[in-house]
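Undergrad: I would like the atomic coordinates for the input below:
(one chain, ligands or ions: 2)
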Amino acid sequence: MMTAMSISAVADEALAFAGPARLPTRWGEFRMYAVSEPHTGKEHAMLVVGDDLDSDEPVLLRVHSECLTGDAFHSRRCDCGDQLERAMAVLAEAGRGVILYLRQEGRGIGLLEKVKAYILQESGLDTLDANLALGHQGDAREYAVCQPMLAYLGVKSVRVLTNNPGKLDALAPWVSVVGRVPFWGEEVTDNAAYLATKQARMGHLPG
Ligand SMILES: Nc1nc2c(ncn2[C@@H]2O[C@H](COP(=O)(O)OP(=O)(O)OP(=O)(O)O)[C@@H](O)[C@H]2O)c(=O)[nH]1
Ligand SMILES: [Zn+2]
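TA: Ligands and ions are numbered 1, 2, ... in the order given. Reported below is the predicted structural model:
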């Protein structure tokens, strides 16, 4: 949950937006925007399909946190890459929707620390305890930047593709969250324990 201070910190900040540019994909054509956050140096992305995002009809929304290992390398330690592909397929099929791709790798701890966490997991810790053992929060992500990103697109109400109720709570102050679309990636041997831990210890809803 964001504090009022962190919400206003982002709202007051001059984000830089570039776009839209065409992004043709195997699922269909998206419009892509880049969003630069000066105070962190992070560059987020927005993928958009369809029009009239500012109408009263809720927009399908996926808020996806960066996972280089899953999204780019197709690692099966998690379900992130599969979720990203499914989100692109669902939105392209629906003909209207938004993906906010947030550069908060490793639930916000960064790639270096995530790899350290993976090594700890190889000696028996689960995904939550590995973060804690390294002195991090279990989930260090924050979603305040979603507010100006959605406002830039004119999005007023959303149906969110997620199994993480925390994301709905995080978005609720800024946009009308009218529903949730249950959303998960493929479960395989290599990610089964990870998915089980998310449900048992991190508040995730079952698929
Ligand atoms: N620290 C850490 N981060 C991980 C690990 N596995 C995946 N991640 C990161 O977790 C984030 C994705 O979070 P998830 O818990 O899979 O899913 P979610 O976004 O909370 O929920 P959904 O919307 O239902 O997908 C990405 O930033 C990944 O890089 C891990 O073992 N350790
Ligand atoms: Zn992942």
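
Undergrad: burial check on Ala21, number of neighbours?
TA: Using other CB atoms under 10 Å, Ala21 has 10 neighbouring residues. C-beta here means a position set from N, CA and C on the backbone, and glycine is covered the same way.

Undergrad: what bridges to it?
TA: Met32 (DSSP bridges).

Undergrad: you'd agree it is up against Arg31?
TA: Yes. Applying CB atoms under 8 Å, one finds Ala21 in contact with Arg31, separated by 7.2 Å.

Undergrad: what sits against Asn131?
TA: Going by CB atoms under 8 Å, 6 or more residues apart in numbering, Asn131 touches 107, 109, 117, 137-140.

Undergrad: hang on, Leu132 packs against Gly138?
TA: Yes. Leu132 is within contact range of Gly138, at 6.3 Å (criterion: CB under 8 Å).

Undergrad: does Gly179 lie in a helix or a strand, and which?
TA: Using DSSP states H and E, Gly179 sits in strand 176-181.

Undergrad: in that strand, which residues are buried?
TA: Neighbour-count burial for strand 176-181 flags 177, 180 (criterion: 16 or more other CB atoms under 10 Å).

Undergrad: the residue nearest in space to the middle of the chain and Lys116, how far apart?
TA: Central residue of the chain (CA atoms, centre = their mean): His64, 1.9 Å from the mean position. According to CB to CB, to the nearest Å, His64 and Lys116 sit 23 Å apart.

Undergrad: same thing with Trp27?
TA: 34 Å.

Undergrad: one more: Ser65?
TA: Distance, Ser65 to Lys116, by CB to CB: 18 Å.

Undergrad: burial check on Asp56, number of neighbours?
TA: Neighbourhood size, Asp56 [other CB under 10 Å]: 9.

Undergrad: any idea which element it lies in?
TA: Secondary structure assignment for Asp56, by DSSP H and E: no helix or strand.

Undergrad: residues contacting it?
TA: So Asp56 contacts 156-157 (CB under 8 Å, 6+ apart).

Undergrad: quick one, phi/psi of it?
TA: phi -80, psi -10 (degrees, to the nearest 10).

Undergrad: can you check Arg141 too?
TA: As for Arg141, its main-chain torsions (degrees, to the nearest 10) stand at phi -80, psi 160.

Undergrad: and it, what pLDDT?
TA: Arg141 is assigned a predicted lDDT (pLDDT) of 96.

Undergrad: could we number from 36 for the rest of this?
TA: Sure, I'll start numbering at 36, so the last one becomes Arg176.

Undergrad: distance of it from Arg142?
TA: From Arg176 to Arg142 the distance is 6 Å (CB to CB).

Undergrad: quick one: which of the two has more around it?
TA: With neighbours defined as other CB under 10 Å, Arg176 and Arg142 compare such that Arg142 has more, 22 against 19.

Undergrad: hmm, that one is touching Ser100, no?
TA: Yes. Counting by CB under 8 Å, Arg142 touches Ser100, with 6.8 Å between them.

Undergrad: give me the common contacts of those two.
TA: By the contact definition CB under 8 Å, 6+ apart, Arg142 and Ser100 are jointly contacted by Arg176.

Undergrad: contacting residues for the nearest residue to Pro183 once chain neighbours are set aside?
TA: Distance criterion CB to CB, 6 or more residues apart in numbering; nearest residue to Pro183, sequence neighbours excluded, is Leu50 at 5.4 Å. Listed by CB under 8 Å, 6+ apart, the contact set of Leu50 reads 70-73, 180, 183-184, 187.
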